[in-house]
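**Q** what's the 3D shape of this:
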Amino acid sequence: MTSALPKWTLVIHGGAGSMTRDNLGPEEDKAARAALSAALDAGAFILRDGGAAVDAVQAAVRVLEDDPHFNAGRGSVFTAEGRIECDAAIMAGSDLKAGAVAGVRSTKNPVLLAREVMERSTHVFLAGAGADAFGRAHDIEAAEPEWFETAERRRQLDEILANPDLPFDSAMKYGTVGAVAMDSEGHVAAATSTGGLTGKKWGRVGDSPLIGAGTYADDRAAAVSCTGAGEYFIRLGVAHEICARVRLGGWDIEDAADTLIAELGDMGGKGGLIVVSPDGSGGWAFNTKAMYRAMATHESPPEIAIYGDE
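**A** As a prediction, this is how the structure comes out:
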């Protein structure tokens, strides 16, 4: 008698924002879907073989960091000073271990650095040059500034600098990437990576690397990865708040996710999130026109979508 196939769920996102079929264009649409598919394949390969959720979310996010169509790793946005500063976080729901980095400039895959902080340091959160130095000390691959930079991101910065009275990142194509997963052991994990906001100043850090704001995982509740206007996600502690409502209030994850996004909207915030529970149920919620997103499970084929009507 053959053993049952491992049960698993994987949900990923590539950012929420103002994307429409008119302003995105068919080629960019096709490329984004291909990248989401590749990231889903990378994570699903691990889960299908009985691998750990934390390894799956790392693999999925790493693929998206390497793809220039998203605001993470290669293709990250520029600061007002013309630099690229990346943030990332990863968390395992089995033991609440977490690692995070912010403002890194020379680490090729920030999610790998966050994982190294989680696994090989006594800390949770490292920032700036110290975080990059930790990566070099632990043989995490480095990259020159040219690796991260793209012509389109430079154009976006020039547009903002030429119109300083416009709201920052007004196009709202955030592009933050993330993944949440449930593995065959019922463990959940979350990872998030971003380049932040175009034209950001003064070392601004958003919600993505903040454990409990943009990233959180707890086997007693859910795993969550967020994307959007980070200041609002920070103020609400969205990722942890969803888990708290599930664990302590008995909410199901869909209601918790929808309600938190509604509360975010009431405050004036825009964005979205993905979520998965230890029983394998998962999905997303967003209040923008679109969100790059995808999902697969042990018993369902991949679902890939961008626009709100999909």
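**Q** His187 is in contact with Leu47, correct?
**A** No: in this structure Leu47 lies outside contact range of His187 using Cβ atoms under 8 Å: 10.8 Å. For every residue, glycine as well, the C-beta is placed using N, CA and C.
**Q** and for those two, which residues touch both?
**A** Residues touching both Leu47 and His187 (Cβ atoms under 8 Å, 6 or more residues apart in numbering): Ala53.
**Q** more neighbours: those two, which one.
**A** Leu47 (27 against 19; other Cβ atoms under 10 Å).
**Q** quick one: mean pLDDT over stretch 211-231.
**A** Averaging pLDDT along stretch 211-231 yields 97.
**Q** ok now that stretch, how far from the chain's centre?
**A** 9 Å (Cα atoms, centre = their mean, to the nearest Å).
**Q** try stretch 244-263
**A** That offset, for stretch 244-263, works out to 19 Å (Cα atoms, centre = their mean).
**Q** do stretch 12-29 as well
**A** That offset, for stretch 12-29, works out to 16 Å (Cα atoms, centre = their mean).
**Q** that one spans what distance, first to last residue?
**A** End-to-end distance for stretch 12-29, by Cα to Cα, to the nearest Å: 16 Å.
**Q** sort out which residues of it are buried, please.
**A** 12-17, 19, 24 (16 or more other Cβ atoms under 10 Å).
**Q** now stretch 264-283
**A** Result for stretch 264-283 [16+ other Cβ under 10 Å]: buried residues 264, 269-278, 280, 282-283.
**Q** which of these fall in helices?
**A** Within these, residues falling in helices by DSSP state H are Leu264.
**Q** just send the buried residues of stretch 264-283 back as a markdown table, with distance to Leu112 and pLDDT too.
**A** Formatted as a markdown table, the buried residues of stretch 264-283 follow (distance: Cβ to Cβ, whole Å; pLDDT from 0 to 100):
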| residue | distance to Leu112 | pLDDT |
| --- | --- | --- |
| Leu264 | 30 | 97 |
| Gly269 | 30 | 93 |
| Lys270 | 29 | 93 |
| Gly271 | 25 | 95 |
| Gly272 | 25 | 97 |
| Leu273 | 23 | 98 |
| Ile274 | 20 | 98 |
| Val275 | 24 | 98 |
| Val276 | 22 | 98 |
| Ser277 | 26 | 98 |
| Pro278 | 25 | 97 |
| Gly280 | 27 | 96 |
| Gly282 | 24 | 96 |
| Gly283 | 27 | 97 |
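**Q** just the buried residues of stretch 264-283 now: which is nearest Pro302?
**A** Set against Pro302, the nearest of these by Cβ to Cβ is Gly282 (13.0 Å).
**Q** now that closest one. Nearest residue, chain neighbours left out?
**A** In space, not counting the residues next to it along the chain, Gly282 is nearest to Val276; the distance is 3.6 Å by Cβ to Cβ, 6 or more residues apart in numbering.
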